[in-house]
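In: Sharing a sequence plus its predicted fold:
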Amino acid sequence: MALGFLFGSGKASAQVADRGYDVFIPIAKYIRQGDAERLSAWFADNLEVSILSNSSDASRNQAKQIVKSFFEAYTPRSFEITHTAGRANIKYAIGSLSAGGESFGVTIFTSCKDNGYFIQQIKIDKSE
């Protein structure tokens, strides 16, 4: 698989040389690890973050702190992508997160910009 990585502006973005590349593989890995720092490399410059029904538009750094606080309060045990879909330059994934003894639903929307996919929205809510 021919993948190039760009690190120029502090962003880790996978070039879409291979249309079969799954951007959610590294994203899921960092959620599973509770690694807000590495996950934030996939954040767009500005994105929507919704954690436990508290939504806000945030910069990459603000979003990183919000997600880091969530991971500190709810240590991830496992994370699995249960559904993905997309078209053109937009992809989304739905996943199931077990963290802090509770279950959460996670929705992630990405869009392609500058030959890489970046998270435009991440939503984490308790599962019913």
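Out: Nice, I can see it. Note that the structure is predicted; figures quoted are calculated from it, not measured. Numbering: from 1, shown residues only.
In: For the rest of this, base every contact and every neighbour count on C-alpha atoms.
Out: Fine.
In: where exactly do the strands run in the protein?
Out: With DSSP state E, the ranges of strands along the chain come out as 5-6, 13-14, 43-51, 54-59, 76-87, 90-99, 102-113, 116-126.
In: CSV please, covering the ones you listed and showing mean neighbour count, distance to K29 and mean pLDDT.
Out: Formatted as CSV, these follow (neighbours: other Cα atoms under 10 Å; distance: least, Cα to Cα, whole Å; pLDDT from 0 to 100):
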stretch, mean neighbour count, distance to K29, mean pLDDT
strand 5-6, 13, 17, 32
strand 13-14, 22, 15, 39
strand 43-51, 20, 15, 97
strand 54-59, 14, 22, 96
strand 76-87, 15, 8, 95
strand 90-99, 19, 12, 96
strand 102-113, 19, 13, 96
strand 116-126, 21, 14, 96
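In: Determine how far the longest helix along the chain lies from the middle of the whole chain.
Out: Counting by DSSP state H, the longest helix found in the chain is helix 60-73. Relative to its parent chain, helix 60-73 has a centroid offset of 12 Å by Cα atoms, centre = their mean, to the nearest Å.
In: I'd like the average pLDDT over that helix.
Out: The predicted model assigns helix 60-73 a mean pLDDT of 98.
In: about what we covered before: with distance to I27 as extra columns, can I get the strands of the chain in CSV?
Out: What follows is the strands of the chain, written out as CSV (distance: least, Cα to Cα, whole Å):
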stretch, distance to I27
strand 5-6, 15
strand 13-14, 11
strand 43-51, 10
strand 54-59, 18
strand 76-87, 10
strand 90-99, 10
strand 102-113, 9
strand 116-126, 9
